[in-house]
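Undergrad: sequence isn't available, so here's the structure alone:
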């Protein structure tokens, strides 16, 4: 099973993929730069089902990082607000990315039962 995502929807919120993308391998890199100096980079590998999000400030300081293997899907939720979610069922994880918000990354991971 490949990672489920809409390339057109991601282009709508990020713009064109970066040059280091390899569409034939379903590997894509995107970058969105806000006016306040914060940049959000998304990398995804369709075949490997892995997704990474890097948030940097002024291009040099890494503020936050999220990486998930065995990802099921990446869905754009609201194009106007530049929000998307990253979902996995094994393990069950949801990461919400709101690129124009003060709180850019929010991750939900259920507690494991002992």
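TA: Happy to help now that I have it. These numbers come from a predicted model, not from an experiment.
Undergrad: so where is this protein shaky, pLDDT-wise?
TA: Counting by pLDDT under 70, the chain shows low-confidence ranges at 59-62, 112-114.
Undergrad: hey, where'd the strands end up in it?
TA: Applying DSSP state E to the chain gives strands spanning 4-5, 27-33, 38-45, 50-57, 61-68, 73-78, 83-89, 92-98, 105-108.
Undergrad: starting from the last one, tell me which strands it pairs with and how they run.
TA: It stands for strand 105-108. Paired strands of strand 105-108, with direction, are strand 92-98 (antiparallel) (DSSP bridges).
Undergrad: now do the strand it pairs with: distance to the chain's middle.
TA: Averaged C-alpha coordinates place strand 92-98 at 9 Å from its chain's average position (C-alpha atoms, centre = their mean, to the nearest Å).
Undergrad: so which bits of it are buried?
TA: 93, 95-98 (16 or more other C-beta atoms under 10 Å). Every C-beta, even on glycine, is put in place using the N, C-alpha and C of the backbone.
Undergrad: what's next to that strand, contact-wise?
TA: Contacts made with strand 92-98 from outside it, assessed by C-beta atoms under 8 Å, 6 or more residues apart in numbering, are listed as 40, 42, 53, 66, 68, 77, 81-88, 104-110.
Undergrad: if we go to 10 Å?
TA: In this structure, residues lying in contact with strand 92-98 by C-beta atoms under 10 Å, 6 or more residues apart in numbering are 13, 32, 40, 42, 51, 53, 55, 66-68, 70-72, 74, 76-78, 81-88, 103-110.
Undergrad: of those, grab the buried ones for ChimeraX.
TA: For anyone working in ChimeraX, the buried entries among the contacts of strand 92-98, judged by 16+ other C-beta under 10 Å, can be selected with:
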select :13,32,40,42,51,53,55,66,68,71,72,74,76,82,83,84,85,86,87,88,104,105
